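>>> The following block contains a protein sequence and its predicted model.
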Amino acid sequence: MNEWIFNNPILAALLGTMFTWGVTALGSSLVFPFKNVPKKVFNGMLGFSAGVMIAASFWSLLNPGIGLAEELQVNYAQGTFQYILFTPWLQAVLGFLSGGLFILLIDKYLPHEHIESHHKEGLPSSWRRSVLLVLAITLHNIPEGLAVGVAFGYAASAFGTSTAASAAIGGAVALGIGIGLQNFPEGAAVSIPLRREGMSRRRAFAIGQFSGMVEPIAGVIGAFLAISMRQILPFSLCFAAGAMIYVVVEELIPESQMLKTTKIATIGAMIGFSVMMMLDVALG
C-alpha cells in the first residue's frame, strides 16, 4: 500500500476525496426516510463536525507541517534566507493565517446562506436559497478536499524513510476517514432543510450530494501542488489547517449554538475531536 500511494499520490488523493464525497451523499440520503431532524440532533452533528476539523487541523496538518519545516531547515546553512524562511514557527504562522485569509475572501465575495440562521453573506445575489445553501457547504468542502490532497502529497514526499512514510500515509488515510465522517452531517444539513421547505426528496438529495463535488477537485489540486513543489509543503499543510479552523469558527460553532441548550453541540464537538485524534494517533 505504501508503494502504491508513493507512486500514485494524485490518484490516492482522488480516491480519498471521492470517499468523502460519497459520505456527503450518504448524509444527504437521510432525506428519503426523514423529512426533518430534531434541531438538538442536528446541532450535535454540527458540533461533531467542528470537533473533527479542529483535531484534524492539528494532528494531520499543523503538526506534520511544522515537522517537515524542521526537516527542510537543516538542509540550509544557518543564517541564509532559506534557513530563516523554513523556521518552523514562521511557516506555521504564515500558512495558517494565509489559509484563514483565503476562506475569508471567498466568504466575503461568494454569495451563500448559513444553514440554521439563514443569514446571507457575500455579494448581493438573487439566487435561490437552495443554491446559496449548496455554496455554503461548498465553502466548507474546499479546505477539506485541499487538506486531504495535500496530506497524500506529503505522504508521497515522505517515502524516503519507512518510518516517516508509514506515519504520513497513516495520517493521510486517517484524515480522509475523519473528513468523511464529518461530511455525513453536512450532507444532511443541506438536503433535509430543503425537504422541510417542500422540495422533493430526489431533488433535495441531488442538491445535497452535489455540494461535496468540489472535494475531489480540491484534493487533486492539493496533491499536485504538494508533489510538484515539495518546498511549499509545510506552508500548504498549515494553509489547509488555517482554512479549516476559519470554517469551524465562522460557521460550524455558531450554527451549532443556535439553541439555548448548547451542551449537545459541545458534547458532539468533544466526541468528534476524540474520534479524529484516535484515528490519527492509531493510524499515523
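Sure, I can see it. Numbering: from 1, shown residues only.
>>> thought residue 174 was touching residue 280?
Yes - between residue 174 and residue 280 there is a contact at 4.5 Å, judged by CB atoms under 8 Å. Yep, even glycine has a C-beta here, placed from its N, CA and C like the rest.
>>> Now for these two: what residues contact both?
Residues touching both residue 174 and residue 280 (CB atoms under 8 Å, 6 or more residues apart in numbering): 59-60.
>>> Please give the element, helix or strand, for residue 16.
Here residue 16, judged by DSSP states H and E, is contained in helix 9-28.
>>> brain fart, residue 267
Here residue 267 is assigned to helix 263-283, by DSSP H and E.
>>> same check, this time on residue 224
Per DSSP H and E: helix 214-228 holds residue 224.
>>> how about low-confidence regions in the chain?
Within the chain, the stretches with pLDDT under 70 are 1-6, 111-134, 137, 158-165, 259-261, 284.
>>> all helices of it, in order?
With DSSP state H, the ranges of helices along the chain come out as 2-7, 9-28, 39-56, 63-73, 81-85, 88-109, 129-157, 162-196, 201-210, 214-228, 233-247, 253-256, 263-283.
>>> so how far is the fourth one from its chain's centroid?
Its chain's average C-alpha position is 21 Å from that of helix 63-73, according to CA atoms, centre = their mean, to the nearest Å.
>>> can you give me the angle it makes with helix 88-109?
130 degrees (axes from the mean of the first three to the mean of the last three CA atoms, to 10 degrees).
>>> Okay, buried residues for helix 63-73 please.
63-69, 71-73 (16 or more other CB atoms under 10 Å).
>>> ok, residues contacting it?
83, 86-89, 91-92, 95, 151, 154, 158, 168, 171, 231, 233-238, 241.
>>> Just the buried ones among those, please.
86, 88, 91-92, 95, 151, 154, 158, 168, 171, 233-238, 241.
>>> and the most centrally placed residue in the chain, what is it in contact with?
For the chain, the residue nearest the mean C-alpha position is residue 144 (2.1 Å; CA atoms, centre = their mean). The contact partners of residue 144, by CB under 8 Å, 6+ apart, come to 20, 53, 179, 183, 215, 218, 244.
>>> Can you tell me which of these is closest to residue 265?
residue 53 (13.8 Å; CB to CB).
>>> check contacts around that closest one.
144, 179, 182, 244-245, 247-248, 252, 272, 276.
>>> can I get the residues you listed in JSON lines with distance to residue 77?
Shown next, in JSON lines, are the contacts of residue 53 (distance: CB to CB, whole Å):
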{"residue": "144", "distance to residue 77": "38"}
{"residue": "179", "distance to residue 77": "39"}
{"residue": "182", "distance to residue 77": "43"}
{"residue": "244", "distance to residue 77": "35"}
{"residue": "245", "distance to residue 77": "34"}
{"residue": "247", "distance to residue 77": "39"}
{"residue": "248", "distance to residue 77": "39"}
{"residue": "252", "distance to residue 77": "44"}
{"residue": "272", "distance to residue 77": "44"}
{"residue": "276", "distance to residue 77": "39"}
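>>> and the two most separated of these?
Most distant of the contacts of residue 53, by CB to CB, are 247 and 276, 14.9 Å apart.
>>> Which two of the contacts of residue 144 have the greatest separation?
53 and 218 (14.7 Å).
>>> Count the neighbours of residue 80 for me.
10 (other CB atoms under 10 Å).
>>> And it, how far from residue 156?
27 Å (CB to CB, to the nearest Å).
>>> for residue 171, same thing?
Applying CB to CB to residue 171 and residue 156 gives a distance of 13 Å.
>>> do the same with residue 49
Residue 49 is 28 Å from residue 156, by CB to CB.
>>> likewise residue 250?
32 Å.
>>> before we move on, what about residue 192?
38 Å.
>>> cool, residue 212 as well?
Relative to residue 156, and taking CB to CB, residue 212 is found at 24 Å.
>>> And those two? Which one has more around it.
Comparing residue 212 with residue 156 by neighbour count (other CB under 10 Å), the higher total belongs to residue 212, at 31 against 24.
>>> Next, the buried residues of stretch 142-160.
142-159.
>>> just checking, what packs against the helix holding residue 267?
helix 39-56, helix 162-196, helix 253-256 (3 or more CB pairs under 8 Å, 6 or more residues apart in numbering; DSSP states H and E).
>>> can you tell me which of those comes nearest to residue 26?
Here helix 162-196 is closest among those (CB to CB), at 6.1 Å.
>>> and the angle for that closest one with helix 129-157?
Going by the same axes, to 10 degrees, helix 162-196 makes 170 degrees with helix 129-157.
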